[in-house]
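**Q** structure of the sequence below:
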Amino acid sequence: MELIVCGDFNVNYFNDNSRKLLLDTLFTSYSLFNTVNFPTRNFKNSSSLIDNIYINTYTHDFSVQTFINGLFDHYAQTITIKNILNPIPRQALSHNRKFDSNSTNNFAFMLNFENWQDVFLEDDVNLIFNNFLNT
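**A** The predicted structure follows:
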């Protein structure tokens, strides 16, 4: 299985420390490696690399870029993975519900035949909610 894990891990990869070592050890145990090597956050004249993208495959040609949108002090990262072969999708069974005035009226009519006594005679809001869902 190929994995991509991304997020703000609040571990600065520009500094060697125990948190970085623990995070690397965790990701390495899942064969994941870091792909970001540029600042991902700038704040008050300092830079850090705390937002990261980890992948577990060396077989794909990939590139990672920063996207500065000017809204936050964190920059977004994008990963572009090339030479991915998409498997031929299997045909799956699907069910579509039809929502129109006729089906809505039919649903409201069928609700009249349900027993709502367990909902209205209960005092505990959690039991009321669960009884409603069960009905």
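**Q** can we go C-alpha only for contacts and neighbour counts from here?
**A** Fine.
**Q** what's the following helix or strand after the lowest-mean-pLDDT helix or strand in the chain?
**A** Among the helical and strand segments of the chain, the one scoring lowest on mean pLDDT, DSSP states H and E is strand 41-43, with a mean of 80. Later in the chain than strand 41-43, the nearest helix or strand by DSSP states H and E is strand 46-48.
**Q** what comes up buried for that next one?
**A** 47-48 (16 or more other CA atoms under 10 Å).
**Q** and after it, which helix or strand comes next?
**A** Counting by DSSP H and E, what follows strand 46-48 is strand 51-55.
**Q** neighbouring strands of that next one in the sheet, and parallel or not?
**A** strand 4-8 (antiparallel), strand 33-34 (antiparallel) (DSSP bridges).
**Q** now do the longest one: distance to the chain's middle.
**A** Taking the mean of its C-alpha atoms, strand 4-8 sits 9 Å from the chain's own mean (CA atoms, centre = their mean, to the nearest Å).
**Q** mean confidence score for it?
**A** Strand 4-8 carries an average pLDDT of 89.
**Q** give me the residues contacting that strand.
**A** 50-56 (CA atoms under 8 Å, 6 or more residues apart in numbering).
**Q** buried residues in that strand?
**A** For strand 4-8, by 16+ other CA under 10 Å, it's residue 6.
**Q** quick one: buried residues of stretch 35-55?
**A** 35-36, 38-41, 47-55.
**Q** how far is whatever helix or strand residue 21 lives in from where the chain is centred?
**A** Under the criterion of DSSP H and E, residue 21 resides in helix 18-29. Its chain's C-alpha centre and that of helix 18-29 lie 21 Å apart, by CA atoms, centre = their mean.
**Q** can I get the strands paired with strand 51-55 in TSV including distance to residue 26?
**A** Shown next, in TSV, are these (distance: least, CA to CA, whole Å):
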stretch	distance to residue 26
strand 4-8	12
strand 33-34	10
